[in-house]
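> This is a predicted model, with the sequence first.
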Amino acid sequence: MKIVLENLTKIFPSRDKKAGNEVVAVSDFNFTIPDGKLIGLLGPSGCGKSTTLYMISGLQKPTSGRIYFGDDDVTELSTENRGIGLVFQNYALYPHMTVKQNILFPLQNLKGKDKLSKETMLERAHEAARLVQIEELMERKPSELSGGQQQRVAIARALVKMPRVLLLDEPLSNLDARLRLQTREEIRRIQKETGITTVFVTHDQEEAMSISDMIVVMKLGVVQQIGKPQEVYDSPANLFVAKFLGTPPINVFEGEVADGKLYIGEDHVMNVKKVPDQKVYVGIRPEGFTLDKKGALHCKLSNVEVMGRDVSVVSTNEASLNPVVRSIIDADNKLDATAETVRYSLKPHKVFLFNKETGERIHFEVK
Amino acid sequence: MVESKHQWKAWLYLAPAIALLLVFTVWPIINTVRMAFLENYSGLKAAGGAVFEFGIGNFEKVIKYRRFVSCLKNTVLLCLWTVPISTLLALLIAVALNSIKFLQKALQTVFFLPYVTNSIAIGMVFAAMFNIVGSFYGTENEIIVTAGIINNVIQFFGGEPINWINYGSTYEANMFVMIVYIVWNALPFKILVLLGGLQSINKQYYEAAKVDGTPRRRIFTRITVPLLSPMLAYVIITGFIGGFKEYTSIVGIFGETMGPPDSAGRLNTMVGFIYDALSTNSQGRASAAALILFAIILVVTMINLQVSKKRVHY
């Protein structure tokens, strides 16, 4: 089931009428979520990603714009008639029911022609439990489960009625680091197995990048960029997206383009053709640096962190907006850790220029 | 362990309360037990130097006493009627209050008003509402004028006025008035507790139920009530305990006669029985009755707790 969001906007009226500043939670969101894909809504808190999810779910009404599931306009349809499964951030499992009762609950609500026999219900519940691998926990209460198990139960409860769309609100935020890795792959697997169009919300870029077919990066209610994770990472639309994606984060410098040459501080680091002369922000991914004795970019070496496969070189540069410049280089490179300066040459496709006022990307031709 | 050198301070702070409790609670309890097991104990005679034998005669007397069974019956009946009715009503009102936004605070105050009003005063108002003004000692030709608002309403709809509490009224009518009055009196506290419980239920359970298309009735029975069950248990248990101590409400409606003028004492309760014994200087019998009442409350509370173990989800 593809989901079409058309000019979706949500405005929360201000509580204090005198202050009069209403909050635009989501502004003019347009996106077609392809059928059977896993989509990550990504952004810092307050960016409107959860609001978007709740509008898709029907728990919140959009101020304007339409929502379509396939060809059906569901904008005015109430939650229960949309055929969605929703997994809440803190799971919202009914604490007084066993796992089995929790999973059965949505099925027992079905009425009329959809009504199922007891056997079918149990079968469906067990099927859902099998899918998320919690069959042996069916008789337990939610309080007797770990966070990861509770989450699986919540997913099973959402899947048991075979929804057209599965929505997950910060599905991993309540789990510890190890479980998070495991669970996100689990979500990926379940989504692949069921083929249900799935939308999930997260503030963790790594999480979104690792399992999504497509990510939507949002900021203050406005969509910044939509695309496949790798594409967005390799070609960020603006400084915000560039900064938001990637660990360690991108290094940002004050720079200047003059006569087709890019300067960081005094160093002429690259040639950028067809870019008008202007002051710019220069974003360089940590993996965009190459150690080079004759390299153009000079940095003060402060620390070398060995990580096995790679070496993380921490240095400082006066033009850097981040407190330190962090580069990731192959461990094969021999680096004198006692040296005072380190010199880099840059990989052009890992370097991005941004407009100093708007933060928009300035494209340039390499060579 | 708190640093032991400061322990004396803790005891010092507790001392006034402990002293008062010892004198006014612990000692009277012990003394009650003592008096109950001394044959025909009377405070007056004890002061005169009489010596009483140990025995269970007081208990035998209580049970054989003419009024005892009727007092026990009244108490139990009032409990069995008022606790379920008031709990159910309070639950419905609390849920309704919780689901509205407009006027919620104002209505909350209105529903809480009876709690801060003197129950004797409320009793007198109820008595006036159920009253019939007219002569019952007069001749047959004398016209009975109804003035109580309840009877006025009944007459407005073409019904026959009912003699609720006056001379010649029936036991059933008396009990009905008592039940209405006690339920009314018990509502505010229960509503307050249940509303507090409702407001602490995580809203996400309701959102989850909504996503699953749960009908309202099912949300109520399968989600609200179970999640509210600790509060419900509390309200029911304290309701029973309070119910077994019912006394003031009877006085509020019927005055010290504890019944209509022609059958005084008909609505007397266990606590009333104890007071009656005290007023005739039969402290031994009063103590025995108090212990019996205590035993009944204990057993009922144990049953309540046992049931709630299975039904309550903490």
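In hand now; what should we look at? Treat the numbers as computed from the prediction; the structure is a model and nothing was measured.

> contacts and neighbour counts: CA atoms only from here.
Noted.

> Of all the helix elements in the chain, which one is longest?
I'll assume chain A. In chain A, taking DSSP state H as the definition, the longest helix is helix A:177-194.

> Chain B, not that one
In chain B, with assignment by DSSP H, the single longest helix is helix B:66-99.

> Quick one: list the elements packing against that helix.
Counting contacts by 3 or more CA pairs under 8 Å, 6 or more residues apart in numbering or on different chains; DSSP states H and E, helix B:66-99 packs against helix B:104-112, helix B:171-199, helix B:225-244, helix B:270-279.

> so which of these comes closest to chain A?
Nearest of the helices and strands packed on helix B:66-99 to chain A, taken as CA to the nearest CA: helix B:225-244 at 6.8 Å.

> confidence score at residue A:246?
If you check residue A:246, the pLDDT there is 87.

> which element is it on?
Residue A:246 belongs to no helix or strand when assigned by DSSP states H and E.

> ok, which stretches of chain A are helices?
Under the criterion DSSP H, chain A contains helices at A:49-57, A:99-108, A:118-131, A:147-159, A:177-194, A:205-211, A:229-234, A:239-244.

> next one: the longest helix of chain B to chain centre, how far?
Here the centre of helix B:66-99 is set off from its chain's centre by 8 Å, with CA atoms, centre = their mean, to the nearest Å.

> before we move on, what about stretch B:44-56?
From the chain centre to the centre of stretch B:44-56 is a distance of 34 Å (CA atoms, centre = their mean).

> residues in contact with it?
Contacts with stretch B:44-56, where a contact means CA atoms under 8 Å, 6 or more residues apart in numbering or on different chains, come from B:36-41, B:281.

> re earlier: among the helices of chain A, single out whichever gets nearest to residue B:165.
If you check each of the helices of chain A against residue B:165 by CA to CA, helix A:99-108 wins as the nearest, at 50.4 Å.

> now that closest one against helix A:147-159, angle please.
Between helix A:99-108 and helix A:147-159, the angle comes out at 20 degrees (axes from the mean of the first three to the mean of the last three CA atoms, to 10 degrees).

> returning to what we had before: what comes up buried for the longest helix of chain B?
The neighbour-count check on helix B:66-99 (16 or more other CA atoms under 10 Å in any protein chain shown) flags B:67-68, B:70-76, B:78-79, B:81-83, B:85-91, B:93-95, B:97-98 as buried.

> Give me the neighbour count for residue 266.
Since you didn't name a chain, this refers to chain A. Burial of residue A:266 is recorded as 13 neighbouring residues (other CA atoms under 10 Å in any protein chain shown).

> nope, chain B
18.

> before we move on, the earlier item: show me which of the contacts of stretch B:44-56 are buried.
The buried subset of the contacts of stretch B:44-56 (16+ other CA under 10 Å) comprises B:36-41, B:281.

> For chain B, which residues are neighbours of chain A?
Within reach of chain A by CA under 8 Å from any CA of the partner chain, chain B has these residues: B:204-205, B:207-215, B:223, B:226-227, B:313.

> let's go with 7 Å and repeat that
Residues of chain B lying near chain A by CA under 7 Å from any CA of the partner chain: B:204-205, B:208, B:210-214, B:226, B:313.

> Looking at the stretch 201-314 of chain B, which residue is nearest chain A?
residue B:213 (4.3 Å).

> which residues does that residue contact?
By CA atoms under 7 Å, 6 or more residues apart in numbering or on different chains, the residues touching residue B:213 are A:80, A:109.

> and it, helix, strand or coil?
Under the three-state scheme (DSSP: H, G, I helix; E, B strand; the rest coil), residue B:213 adopts coil.

> From residue A:156, how far out is it?
Between residue B:213 and residue A:156 the distance is 16 Å, computed by CA to CA, to the nearest Å.

> and if you look at residue A:40?
Separation of residue A:40 from residue A:156 (CA to CA): 20 Å.

> Buried subset of the residues of chain B next to chain A as a PyMOL selection?
Here is the PyMOL command that selects the buried residues among these (16+ other CA under 10 Å):
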select buried, chain B and resi 204+205+208+210+211+212+213+214+226
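
> and which of the residues of chain B next to chain A is nearest to residue A:162?
Closest to residue A:162, out of all of the residues of chain B next to chain A and judged by CA to CA, is residue B:212, at 11.3 Å.

> tally of neighbours for whichever residue of the stretch 251-367 of chain A sits closest to chain B?
Nearest to chain B in the stretch 251-367 of chain A, going by CA to the nearest CA, is residue A:359, at a distance of 38.5 Å. Counted with other CA under 10 Å, residues neighbouring residue A:359 total 16.

> so what's the residue most central in space within chain B closest to, chain neighbours aside?
Nearest residue to the geometric centre of chain B (CA atoms, centre = their mean): residue B:243, 3.0 Å. Spatial nearest neighbour of residue B:243, excluding adjacent residues (CA to CA, 6 or more residues apart in numbering or on different chains): residue B:79 at 5.0 Å.

> Could you pull up the residues touching whatever residue of the stretch 1-150 of chain B ends up closest to chain A?
Residue nearest to chain A within the stretch 1-150 of chain B: residue B:101 (14.8 Å; CA to the nearest CA). Contacts for residue B:101 were tallied using CA under 7 Å, 6+ apart; there are none.

> quick one, phi psi at it?
Per-residue torsions, residue B:101: phi -110, psi -50 (degrees, to the nearest 10).

> Distance check, it against residue A:312.
57 Å.

> do residue A:167 as well
38 Å.

> got it, and residue B:267?
89 Å.

> higher neighbour count, those two?
Counted by other CA under 10 Å, residue B:267 and residue A:312 do not tie: residue B:267 has more neighbours, with 24 against 21.

> How many residues are close by residue 278?
Went with chain A since none was named. With other CA under 10 Å as criterion, residue A:278 counts 14.

> Correction: the question concerned chain B.
Other residues near residue B:278 come to 17 when the count uses other CA under 10 Å.

> what's the burial count for the residue nearest to it when sequence neighbours are not counted?
Distances taken as CA to CA, 6+ apart put residue B:286 closest to residue B:278, at 5.9 Å, once the chain neighbours are dropped. Around residue B:286 there are 28 other residues, counting by other CA under 10 Å.

> repeat for residue B:307
Residues lying near residue B:307 (other CA under 10 Å) number 12.

> Repeat that for the one 4 residues further on.
Burial of residue B:311, expressed as a neighbour count using other CA under 10 Å, amounts to 14.

> so how far is residue B:115 from it?
With the distance defined as CA to CA, residue B:311 ends up 29 Å from residue B:115.
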